[in-house]
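In: what's the 3D shape of this:
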Amino acid sequence: MAAWGALTPRCIFERGVDMDQLYDVKKEICEVAFPAYQEGMFAGTSGNLSYYDPELDVMCITPSGVSYRTMKPEDIMVIKLDGTVV
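Out: Residues are numbered from 1 along each chain as shown. Now for the predicted structure:
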């Protein structure tokens, strides 16, 4: 399991975002989200955990309203800072 703050970029930016490599980041977010919830870092399903990669200018963010216990990598949104969904 990932340690807090240990998320590292695993994506390569070449005219877009490599979603296969982003999947690893999304999976790691799921692995971190439930323990963070258990430690009281989120209230219910209203809190969010996100990962920002400044080189790629993308953010992976957990959705509101989805249980951290059952969250899957496919549930994690990938967006650019201008709001564009990747």
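In: residues near the spatially closest residue to Met71 that is not a sequence neighbour, how many?
Out: Distances taken as CB to CB, 6 or more residues apart in numbering put Cys30 closest to Met71, at 5.1 Å, once the chain neighbours are dropped. Backbone N, C-alpha and C define where each C-beta goes, glycine included. When neighbours are defined as other CB atoms under 10 Å, Cys30 has 19 of them.
In: measure Cys30 to Ile76 for me?
Out: Applying CB to CB, to the nearest Å, the value for Cys30 to Ile76 is 7 Å.
In: Show me what whichever strand or helix holds Leu22 is packed up against.
Out: Element membership of Leu22 [criterion: DSSP states H and E] is helix 19-38. Counting contacts by 3 or more CB pairs under 8 Å, 6 or more residues apart in numbering; DSSP states H and E, helix 19-38 is packed against strand 50-53, strand 58-61, strand 77-80.
In: mind listing what's buried in it?
Out: 22-23, 25-30, 32-34, 36-37 (16 or more other CB atoms under 10 Å).
In: Next: stretch 46-66.
Out: 49, 51, 53, 56, 58-62.
In: what about it, how long is it end to end?
Out: In stretch 46-66, first residue to last residue: 9 Å (CA to CA, to the nearest Å).
In: Give the rounded mean pLDDT of that stretch.
Out: For stretch 46-66, mean pLDDT is 87.
In: what's the answer for stretch 79-86, then?
Out: 89.
In: And for stretch 25-41?
Out: 90.
In: what about it, distance to the chain center?
Out: 9 Å (CA atoms, centre = their mean, to the nearest Å).
In: do stretch 58-65 as well
Out: 6 Å.
In: mind checking the end-to-end distance for it?
Out: For stretch 58-65, the first-to-last residue distance is 22 Å (CA to CA).
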